[in-house]
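Student: Generate coordinates for the sequence data below:
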Amino acid sequence: MSTTHFTLICFFYFLAKTAMAAPLDSEAQAAKITEIFSADHFSAYLPEEHKHTQIRLNGVYTPSLNGDCAKETKLALKAKAFVTEYLKNAKVILLDKQKHDENNILWATMYIDGTNLSYVLINKQLGRKLPAPRESWCH
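Tutor: Below you'll find the predicted structure:
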């Protein structure tokens with residue numbers, strides 16, 4: 001990574017961190033999404049740690065691509081397409097409230113240009129808020 005590229009990442013990280021409505025943890029870090037598995041599951045490069053990792057979103061569950069019914073699968077594809085498009089124009093992606101699980105997947109709150117992605121999915125009815133009893137997507 002070039003020095004200029006790293007400097008820009010740091011600048012946008014600082015800019016987004018100071019402009020957020022919700023306070024970020026001091027451990028918040030920038031991320032570059034490298035693959036989208038589903039609307040709430042990603043692969044990303046973490047420049048500050050110089051490593052790749054899998055990420056799951058905090059606070060939301062989305063329909064499964066291997067759904068229990070055609071309706072769930074169709075909604076999962078719609079949610080994944082929405083997130084793919086949403087991330088396409090992202091300038092700053094920040095991860096906050098991070099914690100690794102037993103499978104070394106990083107659970108985090110993801111902010112896209114200052115907006116919590118979990119909240120966007122819930123507001124678009126492409127995800128449901130956690131912690132709540134998981135309901136079927138097939139009804």
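
Student: In this structure, what residue spans correspond to helices?
Tutor: 3-19, 70-88, 117-123 (DSSP state H).

Student: Spatially, and excluding backbone neighbours, which residue is closest to the residue minimising distance to the centre of the chain.
Tutor: Centroid check for the chain by C-alpha atoms, centre = their mean gives M110 as the closest residue, at 4.2 Å. Nearest non-adjacent residue to M110, counting by C-beta to C-beta, 6 or more residues apart in numbering: L117, 4.5 Å away. From N, CA and C alone the C-beta is placed, and that goes for glycine too.

Student: what about that neighbour, how many residues close to it?
Tutor: 25 (other C-beta atoms under 10 Å).

Student: need the contact list for it.
Tutor: Neighbouring residues of L117 by C-beta atoms under 8 Å, 6 or more residues apart in numbering: 57, 83, 86, 110-111.

Student: and the two most separated of those residues?
Tutor: Across these, the longest distance by C-beta to C-beta is 13.8 Å; it joins V83 and Y111.
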